[in-house]
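The sequence isn't on hand, but the structure is:
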């Protein structure tokens, strides 16, 4: 079980994501990380250990931007390390994925992607998703349809969040058979979390993501399919 927190709005995303991760630390204490998008691209910070370790890293290497995703990890595939901490990026580094759950067929998918030229940096099942989405985007799909096509290829349980520098006005989230997922609605800002307590200080207006649903999260709210 892992914790996911996301934000899109007008404020700096990093402190809000970090606060949400603190409230979900019981879901994962092997490592933590976040990615924030601004005008210069994705800024990723990851660190093994408890939330205080990523807090210290962000003090020395701060990030800023109005949209981001964070994750606190309980290790399944891949030992606790910086390389195995989420978010995981595609080959280009312009797209990141966070994930809660287990992908049962990740080995076969990873072998296929490596044969196609993708370079993996971790021992996790989650990184497969980043490269799968990348492969569909290179075929011309937009972010929503790229994520949807990638998820059609995986077997297992997942709650995922995806952020791309090429779609700076949205997060894509999806869920199937893995814990809970909520979207919190604010005034000109929207939150994503694995559980309601992560976002309670900011909003009480929430939408529950059900199994088999995929959502596009913007500053104005969420569209769920």
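Yep, it's here. Keep in mind it's a predicted model, so treat the numbers as computed, not measured. Numbering: from 1, shown residues only.

check which helix or strand covers the closest residue to residue 149 other than its chain neighbours.
Excluding its sequence neighbours, the residue lying closest to residue 149 (C-beta to C-beta, 6 or more residues apart in numbering) is residue 136, at 4.4 Å. C-betas here are computed from N, CA, C, even on glycine. Secondary structure assignment for residue 136, by DSSP states H and E: helix 126-137.

and that helix, what other elements does it pack with?
strand 88-89, strand 95-103, helix 106-115, helix 143-153, strand 156-164 (3 or more C-beta pairs under 8 Å, 6 or more residues apart in numbering; DSSP states H and E).

relative orientation of that helix and strand 95-103 in degrees?
130 degrees (axes from the mean of the first three to the mean of the last three C-alpha atoms, to 10 degrees).

what's the angle from helix 126-137 to helix 143-153?
Going by the same axes, to 10 degrees, helix 126-137 makes 120 degrees with helix 143-153.

OK, contacts around the residue nearest to residue 149?
Residue 136 makes contact with 145-146, 149-150, according to C-beta atoms under 8 Å, 6 or more residues apart in numbering.

returning to that earlier point: quick one: the helix holding residue 136 to chain centroid distance?
Centroid separation between helix 126-137 and its chain, computed with C-alpha atoms, centre = their mean, to the nearest Å, is 13 Å.

Going forward, count from 243.
Shifting the count to begin at 243 puts that one at helix 368-379.

thinking again about what came up before, which of the helices and strands packed on helix 368-379 sits closest to residue 253?
strand 398-406 (16.3 Å; C-beta to C-beta).
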